[in-house]
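Chemist: Pasted the sequence and its predicted model underneath.
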Amino acid sequence: MLALCFLGTPSWAKNAIIADSRDFTRPEVVERINSIFFAARLNHPIKAPRTSFIDHEGKELSFRDFRGKLLVVPLWATWCMDCLTELRSMENLRADLEYDDLYDIAIVPISVDFKQPAEVQEIYEAHKLQNLPLLFDQKRVLMETLHANSLPATFLINESGYIIAYFDMHLPWDAPAVRDNLLALASSTSATLKQKPNKTAQDTIVWQSPKNSQKPQAIDKLADEKAVSKLSDEPEHQIQELPWHNPQTSRQPVETQ
């Protein structure tokens, strides 16, 4: 296991959602969720690794198999209670999106358990997770490639295969504000892909300002042409430096079994 460090999510953000978890439509809760999404985005996307993982039948897959959609990729384990809570909320989110015929967002949970797939599937079924795919990174190769040494850890990967956001905390993924942020992000990345290749990407994601919930403001552009080009030239299975890696801070490593 790699001994790596992370930029920790502010303590106020970690406690904000839990404190008001019963009413996700309250203005202050919506504002906190928007603030967390704002903080989670990367100024410059990073090419998602080609590292493979397997499905419940043992078939090898990679993020390339899900191209064309905004991916919500939670790394989780059966002993992580926050992870299981998140998966239940993601189950609700998926049902909500399908009810409205919205298929531009795919939820791709990947188990990093050392347990056998059959054991993990039993826990999946016990928590009534019927509509989410069951995928495995049993040797934690993908987890180490992404430098994710603590759970929960959720990555957003855009339609062209770039990591655009990282969350190291529990979120209520079925909250309306979370859905709204994801739809805005999916819409913005789709617009970016439709641009002419000789132009610098200028599309911006519009987030609600933490200081003024009535007046959304544009944030930094997702990426400039030079940054994306530089990242594309590097081996896709190697991520040298990640924005959430900070040698000045440290967090507890993932529990081993």
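Modeler: Alright, I've got the coordinates. What you see is a predicted model; the values in this text were computed from it and never measured.
Chemist: Every contact and neighbour count from this point should use C-alpha atoms.
Modeler: OK.
Chemist: Show the contacting residues for the residue lying closest to Pro45 once chain neighbours are set aside.
Modeler: Spatially, and ignoring its direct neighbours in sequence, Pro45 is nearest to Ile164 (4.8 Å; Cα to Cα, 6 or more residues apart in numbering). For Ile164, the set of contacting residues under the criterion of Cα atoms under 8 Å, 6 or more residues apart in numbering consists of 41-46, 155-158, 222.
Chemist: how about Ile164, secondary structure?
Modeler: Taking DSSP: H, G, I helix; E, B strand; the rest coil as the rule, one finds Ile164 in the strand state.
Chemist: That one and Pro117, how far apart?
Modeler: From Ile164 over to Pro117 the distance is 29 Å, taken as Cα to Cα, to the nearest Å.
Chemist: For the stretch 51-200 of the chain, give me the ranges with low pLDDT.
Modeler: 189-200 (pLDDT under 70).
Chemist: all strands for it, in order.
Modeler: Across the stretch 51-200 of the chain, reading from the start of the chain, the strands by DSSP state E, counting those that start in this stretch fall at 53-55, 60-61, 70-76, 105-107, 110-111, 135-136, 153-157, 162-167.
Chemist: need those in a markdown table with distance to Ser188, can you?
Modeler: Shown next, in a markdown table, are the strands of the stretch 51-200 of the chain (distance: least, Cα to Cα, whole Å):
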| stretch | distance to Ser188 |
| --- | --- |
| strand 53-55 | 28 |
| strand 60-61 | 26 |
| strand 70-76 | 10 |
| strand 105-107 | 13 |
| strand 110-111 | 25 |
| strand 135-136 | 28 |
| strand 153-157 | 13 |
| strand 162-167 | 12 |
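Chemist: among those strands, which is the most enclosed?
Modeler: Sort the strands of the stretch 51-200 of the chain by mean neighbour count, taking mean count of other Cα atoms under 10 Å, and strand 135-136 sits at the top with a mean of 26.
Chemist: thought Thr25 was touching Pro176?
Modeler: Yes: Thr25 lies in contact with Pro176 (Cα atoms under 8 Å); the separation is 7.1 Å.
Chemist: I'd like to know how many residues surround the closest residue to Gly68 other than its chain neighbours.
Modeler: Counting by Cα to Cα, 6+ apart, Glu159 is the residue found nearest to Gly68 once chain neighbours are left out, at 4.5 Å. Number of residues near Glu159 (other Cα atoms under 10 Å) recorded here: 21.
Chemist: Would you list the phi and psi of Glu159?
Modeler: Listed backbone geometry of Glu159 is phi -60, psi -20, with angles given as degrees, to the nearest 10.
Chemist: ditto for Arg32
Modeler: Dihedral angles phi and psi of Arg32 (degrees, to the nearest 10) take the values phi -70, psi -40.
Chemist: what about Ile105, distance to Ala118?
Modeler: According to Cα to Cα, Ile105 stands 27 Å off from Ala118.
Chemist: now swap in Thr154 and tell me
Modeler: Shown here: Thr154 relative to Ala118, a distance of 23 Å by Cα to Cα.
Chemist: what do you get for Thr85?
Modeler: 20 Å.
Chemist: between those two, which one's more packed in?
Modeler: When neighbours are counted by other Cα under 10 Å, Thr85 and Ala118 differ, and Thr85 comes out ahead with 16 against 10.
Chemist: Sounds good, over and out.
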